[in-house]
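> One predicted model, sequence on top.
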Amino acid sequence: MGNQMPSLKTKIIEDLFNEQSRWKRGTLVNPIVTLVEVQEAIARHNAVAGSKKMSLGNPANFFKDFVRKVSGANNNWPTSVFAKGFTGAQKTADGNCFEFIPTLAGQVAAFPEGTYPKAPRVTKYAVLQTLSVPVFNKALGREDENWLLSIIVHLHLPQQHLALHPLADVDLLEVGHMQSNLKQNASEIDGLFYGRTGDGKMLIITMEAKGLSDDILETQIVGQVEAIRAMRSIKALLSTLGTRPEDASILPMAMKVVRGNSLSGVPKVGRSPGGSLIYMADYHPVPFVGTELDLRLRVETIFDLQPPIRGIGVVQAGQRKTRTSSRI
């Protein structure tokens, strides 16, 4: 988004919220905003003489881009909408874009600020070697989610995380990678892993990946779980492995590139200038079969990749910001 886009979207979101068709006797009865409604609202805005024009080409990214950075979303969420007790959440599939949802009691911002880690006193810190990553891979270092996934798969970060934080009452025998960049109608899953247990049960592991500038959004993690529950291929896989869907669980996970100077309460983080730090968290497993979803953070890890990898992280405060590692 350009510098003007958030403020333009603020006005459009406010107009969408105030549409008479959404309200009945002072109650919001039509909270879901469709892609067509977004396009129509943009078209009305563009038709105003002297207005700064917005593209009508990709309404699916209208809200996704708006909430990509939590601080920006909070700064640009309409004050009048929040004052009436509403925030927003991405709502995909069936031609939908986003939904106006009620704020929680005591909520002080439309979108809770992204802070990492959430519970620093119990967050674990681990140094992880990167010498096993081929120099050819390192030389192609980028800052997108696909690159991050390729690194964590190569270094087995999800497995390391689960070794540091064993799941209660789950005897994990194996954790492996299934697929990256899995696009579903209702969600996009950056990484899909599996876990096999000693009693023959299965754990489907979803991974949300974010770079340095983007925040982890729990609404997206919820969408991933809902997408997995609806996937016929996953149900077929469970059947092939002799696991009943009722005996399977989903373990939501998330990771993000972070700066050492943005973390608090975690000792010894970012020992080297240009350190490559990855935050990883998982949430309590949820049943594969069901509709209810109580997303609750379980544990967090800060991984310090040594030597640092180009494309993951930035130099520490006081240094010139650039990609880590000048050589590879």
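Right, received. Where do you want to start?
> show me where the stretch 101-250 of the chain has strands.
124-129, 172-183, 188-197, 202-210, 249-258 (DSSP state E, counting those that start in this stretch).
> Now find how far off-centre the shortest one is within its chain.
Pointing back at strand 124-129 there. Distance of strand 124-129 from the chain centroid (CA atoms, centre = their mean, to the nearest Å) equals 22 Å.
> Show me what that strand packs onto, helices and strands only.
On a contact count with 3 or more CB pairs under 8 Å, 6 or more residues apart in numbering; DSSP states H and E, strand 124-129 meets helix 157-164, strand 297-306. Placement of C-beta: from N, CA and C, glycine included.
> ok, the residue nearest to residue 190 when sequence neighbours are not counted - how many residues close by?
Spatial nearest neighbour of residue 190, excluding adjacent residues (CB to CB, 6 or more residues apart in numbering): residue 209 at 4.0 Å. Around residue 209 there are 26 other residues, counting by other CB atoms under 10 Å.
> got the contact list for residue 209?
145, 148, 149, 152, 190, 191, 254, 255, 256 (CB atoms under 8 Å, 6 or more residues apart in numbering).
> Mind doing that once more with 6 Å?
Contact analysis of residue 209 by CB atoms under 6 Å, 6 or more residues apart in numbering lists 145, 148, 149, 190, 255.
> What's opposite residue 208 in the beta bridge?
With DSSP bridges applied, residue 208 shows beta-bridge pairing to residue 254.
> measure it to residue 144 for me?
According to CB to CB, to the nearest Å, residue 208 and residue 144 sit 14 Å apart.
> and these two? which has more neighbours close in?
Using other CB under 10 Å as the criterion, residue 208 and residue 144 rank with residue 208 on top: 23 against 11.
> Give me the distance between the more buried one and residue 245.
23 Å.
> likewise residue 108?
Counting by CB to CB, the separation of residue 108 from residue 245 is 40 Å.
> Extract the C-alpha set from stretch 213-228 and format it as CSV.
Once non-C-alpha atoms are left out, stretch 213-228 reads as follows in CSV (Å, rounded to 0.1, in the frame of the first residue of the first chain):
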residue,chain,number,x,y,z
SER,A,213,7.5,-6.2,8.8
ASP,A,214,4.3,-8.2,9.2
ASP,A,215,2.5,-9.3,12.4
ILE,A,216,1.0,-12.7,13.3
LEU,A,217,-2.8,-12.4,13.1
GLU,A,218,-4.7,-14.9,15.1
THR,A,219,-7.7,-14.5,12.8
GLN,A,220,-5.6,-16.0,10.0
ILE,A,221,-4.5,-18.9,12.3
VAL,A,222,-8.2,-19.6,13.1
GLY,A,223,-8.9,-19.6,9.3
GLN,A,224,-6.2,-22.1,8.7
VAL,A,225,-7.7,-24.5,11.3
GLU,A,226,-11.1,-24.1,9.7
ALA,A,227,-9.6,-24.8,6.3
ILE,A,228,-7.9,-28.0,7.4
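> Report the buried residues of it.
Residues 214-228 are the ones in stretch 213-228 that count as buried (16 or more other CB atoms under 10 Å).
> Name the surrounding residues that touch it.
With CB under 6 Å, 6+ apart, stretch 213-228 has contacts from 68, 70, 89-90, 114, 184, 186-187, 189, 204, 206, 208, 210, 234, 250, 252, 254, 256, 293, 295.
> now those residues: which count as buried?
Counted by 16+ other CB under 10 Å, these give 68, 70, 89-90, 114, 184, 186-187, 189, 204, 206, 208, 210, 234, 250, 252, 254, 256 as buried.
> Can you give me the neighbour number for residue 43?
If we define neighbours as other CB under 10 Å, then residue 43 has 11 of them.
> can you check the one 5 residues further on too?
For residue 48, the tally of surrounding residues (other CB under 10 Å) stands at 9.
> Which strand or helix spans it?
Here residue 48 sits in a region with no helix or strand, counting by DSSP states H and E.
> tell me the pLDDT at the residue nearest to residue 294 when sequence neighbours are not counted?
Among residues not flanking residue 294 along the chain, residue 286 sits closest, at 7.3 Å (CB to CB, 6+ apart). At residue 286, the predicted lDDT confidence score is 94.
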